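Visitor: Predicted model and sequence follow; I will ask about them next.
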Amino acid sequence: MSLYAAKKTVVNMIPGRLVRVFAAPYVAGDSLEKALAVADRLYEEKGVETTLDVLGEAEKTEAKVRGAVDAYLRALEAVKTRPYCTISIKPGHWGYYVSPELARRNIEEMAAACQAAGRGLTVDMEDTDVTEWTINLYRDLKPKYPILGTVLQSRLYRTEKDLDAFDGLKANIRMVIGIYNVPAPAAMTKKRDMKEALLKESLILLNRGHYVCFATHDIEYVRRAWKTFQDKKIPKDRYEFQMLLGVPRDHIIKELRDGGAKVRLYVPFASDWDDAIAYLRRRMLESPSMAGLVVKNLFWRHH
Ligand SMILES: Cc1cc2nc3c(=O)[nH]c(=O)nc-3n(C[C@H](O)[C@H](O)[C@H](O)COP(=O)(O)OP(=O)(O)OC[C@H]3O[C@@H](n4cnc5c(N)ncnc54)[C@H](O)[C@@H]3O)c2cc1C
């Protein structure tokens with residue numbers, strides 16, 4: 001068994017109620033109202049914008065997909081009066097695993113509604129089985145719905161070539177290293193390589209006239225990216241920095257804001273705690289310190 005598979009087994013054994021205890025910093029709460037309160041406070045107190053995400057992934061029934069769409073439509077209603085909020089969605093949550101046509105129909109309806117409201121909509125990038133589909137969907141829909149954004153994962157070797165898919169689109173691309181554990185040879189295995197690619201590909205996008213959301217918690221790379229963008233005289237309204245709610249990055253966020261850079265936090269909230277728990281298990285796999293804390297706590301509870 002690989003180290004990752006072993007870690008996954010351990011994380012999946014942690015009881016859901018315990019996962020929930022560790023949810024507090026990463027999830028805005030279990031209702032839209034709680035998420036909005038977080039978004040309002042971030043904006044009013046720190047000038048930090050948000051993208052709201054209703055937790056949930058890979059729905060297998062139309063009824064569950066409908067539930068997700070309805071929860072998002074309620075969120076869109078609320079952000080109509082909040083220009084500092086955008087919305088992020090996942091193809092799996094929007095019906096891709098029921099049928100790709102259903103997901104496409106749902107996402108296009110949401111894109112139309114967001115366009116009418118003037119609010120950004122980002123289609124998150126999931127695992128490699130949907131990479132091609134997501135890029136094609138984006139290429140098809142972006143000309144009709146300029147508010148649309150999507151995500152590219154720098155760990156994938158294909159990404160550098162994928163940048164060409166956006167030529168002529170004035171795309172809005174969140175650049176991330178990617179959260180899914182894709183093995184070689186499709187993906188890089190060293191984080192440093194992923195982050196060098198993150199910076200390089202972000203610059204290519206900016207040079208081609210696209211908008212870039214530079215999304216990492218690695219302070220060294222945030223600083224390097226920001227310095228490079230400034231040295232290259234890229235206007236500040238052509239890029240922003242994004243991080244996840246709950247990752248302690250107050251200092252760098254203040255530094256960015258004081259320098260006039262736009263910062264946006266990804267703010268997940270739950271309408272169903274089972275969905276939240278699935279999301280948090282993935283976070284634990286990502287962050288050794290968090291998993292370590294949980295495991296330490298488990299040992300403590302057992303002795
Ligand atoms: C706004 C946003 C949107 C994203 N959207 C997507 C997406 O659509 N598709 C996708 O595949 N991935 C997405 N990701 C996740 C991303 O791909 C990375 O997996 C994640 O950001 C961790 O990588 P890193 O660049 O921060 O570097 P790392 O080297 O993983 O982290 C740098 C530092 O930050 C700390 N850190 C990182 N994450 C956490 C955490 N969760 N809790 C505590 N500390 C942490 C680490 O301990 C480390 O010290 C998104 C990330 C962000 C910030």
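Guide: Happy to help now that I have it.
Visitor: Next one: residue 262 from the ligand, what distance?
Guide: To the ligand, residue 262 is 13 Å away according to CB to the nearest ligand atom, to the nearest Å. Every residue, glycine included, has its C-beta placed from N, CA and C.
Visitor: Pull the contacting residues for that residue.
Guide: Counting by CB atoms under 8 Å, 6 or more residues apart in numbering, residue 262 makes contact with 49, 236-237, 239-241.
Visitor: Kindly report the same for residue 94.
Guide: Contact partners of residue 94, counting by CB under 8 Å, 6+ apart, are 59, 65, 68-69, 102-103, 106-107, 110.
Visitor: helix, strand or coil for it?
Guide: State at residue 94, reduced to three classes by DSSP: H, G, I helix; E, B strand; the rest coil: coil.
Visitor: now the one 3 residues further on
Guide: When the structure is reduced to helix, strand and coil (three-state DSSP), residue 97 reads as coil.
Visitor: pretty sure it is touching residue 60, no?
Guide: Yes - Residue 97 sits in contact with residue 60 when judged by CB atoms under 8 Å, with a separation of 5.7 Å.
Visitor: And for residue 142, the neighbour number?
Guide: 20 (other CB atoms under 10 Å).
Visitor: how about the strands of the stretch 1-150 of the chain, start to end?
Guide: When secondary structure is read from DSSP state E, counting those that start in this stretch, the stretch 1-150 of the chain shows strands at 49-54, 85-89, 121-123, 148-153.
Visitor: what helices or strands is the last one leaning on?
Guide: When you say that, I think you mean strand 148-153. Applying 3 or more CB pairs under 8 Å, 6 or more residues apart in numbering; DSSP states H and E, one finds that strand 148-153 contacts strand 121-123, helix 131-141, helix 159-162, strand 172-176.
Visitor: Quick one: mean pLDDT for the last one?
Guide: Along strand 172-176, the predicted confidence averages to a pLDDT of 98.
Visitor: Not counting sequence-adjacent ones, nearest residue to residue 121?
Guide: With sequence-adjacent residues excluded and distances taken as CB to CB, 6 or more residues apart in numbering, residue 121 is closest to residue 114, at 4.1 Å.
Visitor: And for residue 171?
Guide: residue 210 (4.5 Å).
Visitor: My guess is the one you found contacts residue 168. True?
Guide: No - the pair residue 210 / residue 168 is not scored as a contact, 10.2 Å apart, by CB under 8 Å.
Visitor: More neighbours: which of these two?
Guide: residue 210 (20 against 10).
Visitor: What does the more buried one show for phi and psi?
Guide: phi -90, psi 170 (degrees, to the nearest 10).
Visitor: hang on, the earlier thing: which of the contacts of residue 94 has the largest number of neighbours?
Guide: residue 103 leads these on contacts (other CB under 10 Å) with 26 neighbours.
Visitor: follow-up on the earlier one: mind listing what the residue nearest to residue 121 touches?
Guide: By CB under 8 Å, 6+ apart, the contact set of residue 114 is 76, 87, 120-121, 145, 147-148.
Visitor: go on, residue 29?
Guide: By CB under 8 Å, 6+ apart, residue 29 lies in contact with 35, 37-38, 269-270.
Visitor: Which ones among those residues lie within helices?
Guide: 35, 37-38 (DSSP state H).
Visitor: Give me every residue in the stretch 51-200 of the chain lying close to the ligand.
Guide: Taking CB under 6 Å from any ligand atom as the contact definition, the stretch 51-200 of the chain meets the ligand at 124-125, 151, 153, 174, 176-180, 191.
Visitor: List just the nearest of those to residue 279.
Guide: residue 179 (10.6 Å; CB to CB).
Visitor: returning to what we had before: select, out of the strands of the stretch 1-150 of the chain, the one closest to residue 19.
Guide: strand 49-54 (17.5 Å).
Visitor: how near is the nearest residue to residue 69 once chain neighbours are set aside to the ligand?
Guide: Residue nearest to residue 69 in three dimensions, not counting chain neighbours: residue 106, with 5.5 Å by CB to CB, 6+ apart. Going from residue 106 to the ligand by CB to the nearest ligand atom gives 17 Å.
Visitor: quick one: contacts for whichever residue of the stretch 1-150 of the chain sits closest to the ligand?
Guide: Closest contact between the stretch 1-150 of the chain and the ligand, by CB to the nearest ligand atom, is at residue 124 (3.3 Å). Listed by CB under 8 Å, 6+ apart, the contact set of residue 124 reads 53, 88-91, 150-151.
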